[in-house]
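Sequence isn't available, so here's the structure alone:
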């Protein structure tokens with residue numbers, strides 16, 4: 001029989017999908033302190049301005065805010081500190097190649113606990129232009145309107 005996997009999502013970065021076109025996703029582990037894990041379990045995380053960099057063969061998460069744990073006292077660490085990401089060397093090399101060659105960036109999409117361990121879903125992203133964002137909003141609006149109209153038509157109501 002298959003093993004069950006429990007996933008508890010802590011935070012998602014909805015702004016990333018609006019500002020970037022996500023080309024690929026990767027799951028990475030996070031190196032955290034004990035109070036950071038407890039704060040994450042309480043939902044104290046913001047991914048909005050976060051990004052990942054690769055230097056000296058290591059992946060690092062920057063600008064992600066994990067709130068200080070209220071009962072943490074002196075064990076608390078800086079909320080915006082850099083955090084190491086746990087990735088296989090082949091994944092790091094592949095990401096580094098794509099970042100350098102095509103000018104892409106790596107953004108955090110969501111933080112979650114998978115079988116009790118903190119994980120981060122990273123997205124290999126390409127920045128969207130303003131007109132792309134406007135077009136996407138217009139398409140979503142048109143789709144919503146047609147869905148509403150077909151729903152209304154199905155009930156026998158007139159527009």
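Received the coordinates, thanks. None of these values were measured; they are calculated from a predicted model.

Only C-alpha atoms from now on, for both contacts and neighbour counts.
Will do.

hey, where'd the strands end up in the protein?
Secondary structure of the chain by DSSP state E: the strands cover 7-12, 20-30, 45-46, 51-55, 58-62, 65-66, 83-86, 105-114, 117-127.

so which of those gets nearest residue 147?
If you check each of those against residue 147 by CA to CA, strand 20-30 wins as the nearest, at 24.7 Å.

need the contact list for the closest residue to residue 25 other than its chain neighbours.
Nearest non-adjacent residue to residue 25, counting by CA to CA, 6 or more residues apart in numbering: residue 123, 4.4 Å away. For residue 123, the contact set (CA atoms under 8 Å, 6 or more residues apart in numbering) comprises 22-26, 106-109.

Deepest in the core, which of the strands of the chain is it.
Most buried of the strands of the chain, by mean neighbour count (mean count of other CA atoms under 10 Å): strand 105-114, with a mean of 22.

Which strands or helices does that strand pack on?
Contacts defined by 3 or more CA pairs under 8 Å, 6 or more residues apart in numbering; DSSP states H and E place strand 105-114 against strand 7-12, helix 14-19, strand 51-55, strand 117-127.
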